[in-house]
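> Need the 3D shape of this:
(one chain, ligands or ions: 1)
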Amino acid sequence: MIRLLGTLCLAAAAGWLASACPAETPAARPGRPGDPPAAAPAPAGQGSAAPVTQRELMAKLAAVPQQNADRAEKVLQLFKQAGLRNVTRQAVPTRPPGCNILATLPGRTPNVIIVGAHFDHTSTGTGVIDNWTGVACMVGLAQALAKTPPQHTFVFVAFDSEERGQAGSRWYVSQLSAQQKARTTAMVNLECLGISTAKVWLTGSADALEQLAAEVAKKENTPVEFRQLHGVTADANSFMAAGIAAITFDSLDLTDFDLIDSPKDRAEAVRPDRLEQHYRFILKYLQALDEQSGSISAANKDRPAPKPKP
Ligand SMILES: [Zn+2]
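Numbers count the residues shown, from 1 in each chain. From the prediction side, this is the model:
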């Protein structure tokens, strides 16, 4: 996430570490929302979306490299290890060049749910909390959902350059056709999990998706807080700006913001029990979202988050 108030975003921009995007082979064209499934999915009703264990989540968390270029390749590797067959790179035309990593899980319909987490981090701290926690959960979600063919086609995207004005997610959205946007039911963004109580950003999230989060939290008896968070932006904003309903989950109390973009952003600050709780809740949320049919409004009655600085 990026805080636009104070000096932190300037420090983040100055400390951005370059990643790279090796050229794709012709056969490895990045999959995009709305593309037909790359492989025929298995019939419905086989297997179940068994969550990964806390130990598996923590192993993914511990696999974090320091350099952004290494992170991109590690996410690609983790997706493949999770059983995703269609894993590709998408070059992001930033200076220096960036690289989104996409993993597509074919569903029973061409309708798409996008799950996103940025993998890049600033040069201060290890960037484990912000945002390898989101990456580890996202890979675990892909691993669980891959066991049962979902209704929607799921596209998991590890975004580059979030810390540079959401450049990776803005590029990704810019490459979607009108038809692909129309087929995208929702985007679910993961930020800074495993710290304090799970949270939904009322600022910059679609009202309908917030409502669903409240329903799932109640059904699963999981504590989830809903809060306004002005002056902070995330990759969900790129989708909301394009009229695609999006929601951001995180777990930072206001006092926890000292942990990110700082040397305090370390694995020791992550609570394994909370990371697992947040992961399991978001898995239930995605399953509930997968049962939705028809479009979801991107309406947001809350004040929109400010645009990132250029
Ligand atoms: Zn972040």
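> For the helix or strand hosting Gly168, buried residues please.
Using DSSP states H and E, Gly168 sits within helix 167-174. Residues Ala167, Gly168, Ser169, Arg170, Trp171, Tyr172, Val173 are the ones in helix 167-174 that count as buried (16 or more other C-beta atoms under 10 Å). Any C-beta I mention is one placed from the backbone N, CA and C, and that applies to glycine too.
> Same check on stretch 110-127?
For stretch 110-127, by 16+ other C-beta under 10 Å, it's 110-122, 124-127.
> which stretches of the protein form helices?
8-14, 54-62, 68-81, 133-145, 167-174, 178-183, 207-220, 236-240, 272-290 (DSSP state H).
> pull the helix or strand with minimum mean pLDDT from the chain.
helix 8-14 (a mean of 31; mean pLDDT, DSSP states H and E).
> What residues does the stretch 151-300 of the chain have near the ion?
Glu191 (C-beta under 5 Å from the ion).
> got any ranges where the stretch 151-300 of the chain has weak pLDDT?
Of all residues in the stretch 151-300 of the chain, none has pLDDT under 70.
> Could you check how far Thr255 is from Ser205?
As for Thr255, its distance to Ser205 is 22 Å (criterion: C-beta to C-beta, to the nearest Å).
> Looking at these two, which one has more neighbours?
Per other C-beta atoms under 10 Å, whichever of Thr255 and Ser205 has more neighbours is Ser205, with 28 against 8.
> quick one, what contacts the more buried one?
Contact analysis of Ser205 by C-beta atoms under 8 Å, 6 or more residues apart in numbering lists Ala236, Met240, Ala246, Ile247, Thr248, Asn300, Asp302.
> What of Gln287?
With C-beta under 8 Å, 6+ apart, Gln287 has these contacts: Ala49, Leu145, Pro150.
> just the buried members of those?
For the contacts of Gln287, a burial check counting by 16+ other C-beta under 10 Å picks out Ala49, Leu145, Pro150.
> Turn the residues you listed into CSV, columns for pLDDT and distance to Leu229.
Shown next, in CSV, are these (pLDDT from 0 to 100; distance: C-beta to C-beta, whole Å):
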residue, pLDDT, distance to Leu229
Ala49, 75, 30
Leu145, 97, 28
Pro150, 96, 29
